[in-house]
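Participant: Please find the sequence and the predicted model below.
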Amino acid sequence: MFPNPRKTRSLLPLGPIDLGSVRDDILAIPETVWQRENATKPNSGNVYGSLERTDHIVFRFVRKPRDWREHVDYPIWAEWRERLLPLLHAAVRPYGYARVEFPRVMLARLPAGGQIRPHQDANPAALWPHKIHIPITTNEQVKFFIDPDHHHLQVGQAYEVNNLGMHGVQNDGDSARIHLIFECFDPDQPVLL
């Protein structure tokens, strides 16, 4: 299978997102919920070793690492679905897709001093969907690396990230960085095999 030719080759700013009260809701998530949800995340272990210091709350995830078209809704999605879907749709509006699907949706919290080592999303289910980040909170010392450049992603902006190239994050600040991260694809686009 070939990568989606519509995916960005670097970092693509998609525009501002009105986070409204959702940002406050996310920042108010109790530590007990972060720990409970992080303990059951599917993106852990040796396959995703670069993410070991990142806490996740996973709302949706692909059923199989080879196919982005089938996903599983985690129980917490029912609580957050109505709040998050408007943000997801607003972020991908620039693509102009008549229909859009979101196979993976999660919050990722990188602690102060934390690092996500440079890596590529190598599983086949990562080849086709666009990978979108919406920063919820950050600090000036967070650097997002996308080979060969470093970027500072702003709160309330949506960005497509080249997940097939080398990318990573360094948080040298004194506060956590939280991103809403999701994937999307156009179900009407023919897949290149």
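Facilitator: Ah, there it is. Nothing here was measured: the structure is a model prediction, and the numbers come from that model. Numbering: from 1, shown residues only.
Participant: May I see the buried residues of the longest strand anywhere in the chain?
Facilitator: Taking residue count as the measure and DSSP state E as the definition, the longest strand of the chain comes out as strand 55-64. By neighbour count, and taking 16 or more other Cβ atoms under 10 Å as the criterion, the buried residues in strand 55-64 are D55, H56, I57, V58, F59, R60, F61, V62. Any C-beta I mention is one placed from the backbone N, CA and C, and that applies to glycine too.
Participant: Ok, stretch 120-127 next?
Facilitator: Of the residues in stretch 120-127, those scored as buried under the neighbour-count criterion (16+ other Cβ under 10 Å) are D121, N123, A125, A126, L127.
Participant: Phi, psi for the second one please.
Facilitator: I take that to be N123. With angles defined as degrees, to the nearest 10, N123 shows backbone torsions of phi -70, psi 150.
Participant: residues near the nearest residue to it once chain neighbours are set aside, how many?
Facilitator: Counting by Cβ to Cβ, 6 or more residues apart in numbering, N123 lies nearest to P65, which is 4.1 Å off, once chain neighbours are set aside. Close neighbours of P65, defined as other Cβ atoms under 10 Å, add up to 15.
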